Structure formats: structure tokens, C-alpha cells
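Q: Sequence below, structure please.
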Amino acid sequence: MTEAEAMCRRALEGYERAWGPEHTSTLDTVNNLGILYADQGKMAEAEAMYRRALEGKEKAWGPEHTLTLDTVNNLGILYADQGKTAEAEALYRRALEGYEKAWGPEHTSTLVTVNNLGSLYAGQGKMAEAEA
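A: Numbers count the residues shown, from 1 in each chain. This next block holds a predicted model:
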């Protein structure tokens with residue numbers, strides 16, 4: 001276990017004891033642990049963390065809240081990295097629609113997801129969709 005992972009796990013355990021497993025601060029740490037696992041190439045662990053964070057955020061804030069959508073986008077990135085293009089596309093589209101609704105088409109968070117979706121299309125050879 002890396003030092004970063006040990007620190008994230010320590011924070012997660014503390015938040016779970018103090019506030020419970022469904023508290024939004026706990027869920028932020030779960031999401032961050034997912035990012036760490038993805039960076040380490042631990043895809044199964046990353047997916048489990050993202051799914052846990054997503055389920056909790058959907059309950060706490062709803063499916064269209066921007067903090068929920070951040071985890072949707074993260075899960076999309078994970079699936080794209082694994083070659084699960086259909087799943088990644090669905091998640092990117094969900095995040096994009098939500099970000100556009102919340103922040104508009106020119107917001108930087110919206111544009112990050114536009115870029116992710118464009119990169120996914122380019123990787124599939126769908127150049128017209130990627131260019132759009």
C-alpha cells in the first residue's frame with residue numbers, strides 16, 4: 001500500500017466513524033480513493049469506489065447535482081481507459097447533459113467532459129463526432 005493510499009484509507013475510516021458511510025464528506029473521500037486507485041491501475045478497486053460514491057451522491061444530492069456528475073465523469077474516464085466505450089459514452093453523455101443544464105455549454109467543467117467525449121470518439125475512429 002502506498003503512503004497516499006494509507007492516508008486516504010485513514011481519512012475514510014475516520015469520516016465513516018465520525019459521520020457515517022453516507023455523509024457527503026465520506027463520499028468525497030471515497031471518490032478520491034477511486035481516483036487514486038485508477039492512477040495506480042487498480043481498476044476493479046477504482047470502479048468499486050466510484051460506484052459507492054456515485055450511489056451515495058445520488059441519494060444525498062440527486063442524479064443531476066454537479067458533484068454527482070463529477071463522479072459520473074470519473075467513472076466514464078475509468079471505463080474509457082478500460083476500453084469499455086459504450087459504458088464510457090453513456091456516462092460522458094449523462095455528465096455532459098447535466099453540466100450543460102447546470103452551468104451552460106461554455107463552463108470549464110462542461111468543456112472537460114466535451115473533451116473526454118471527443119477523445120473517446122477519436123479513439124473509435126468516429127472523426128465526425130469527435131470534431132463536433
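Q: Would you mind splitting this structure into its domains for me?
A: What the TED database lists as the domains of the chain is 1-61, 63-131.
Q: For the host helix or strand of A88, buried residues please.
A: Assessed by DSSP states H and E, A88 sits inside helix 85-103. For helix 85-103, a neighbour-count test (16 or more other CB atoms under 10 Å) marks A88, E89, L91, Y92, R94, A95, L96, G98, Y99 as buried. (Glycine included, C-beta is placed from N, CA and C.)
Q: all helices of this structure, in order?
A: Per DSSP state H, the chain carries helices over the ranges 3-19, 24-39, 43-61, 66-81, 85-103, 108-123, 127-131.
Q: Can you lay out these as a markdown table showing mean pLDDT?
A: Below are the helices of the chain laid out as a markdown table (pLDDT from 0 to 100):
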| stretch | mean pLDDT |
| --- | --- |
| helix 3-19 | 94 |
| helix 24-39 | 94 |
| helix 43-61 | 97 |
| helix 66-81 | 95 |
| helix 85-103 | 96 |
| helix 108-123 | 91 |
| helix 127-131 | 80 |
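Q: and among these, the most buried is which?
A: Mean neighbours per residue, mean count of other CB atoms under 10 Å, is largest over the helices of the chain for helix 66-81, with a mean of 22.
Q: what does it rub up against?
A: Residues from elsewhere that reach helix 66-81, judged by CB atoms under 8 Å, 6 or more residues apart in numbering: 24, 31, 34-35, 38, 43, 46-47, 50-51, 53-54, 57-58, 61-62, 85, 87-92, 94-95, 98-99, 102-103, 109, 112-113, 116, 119-120, 123.
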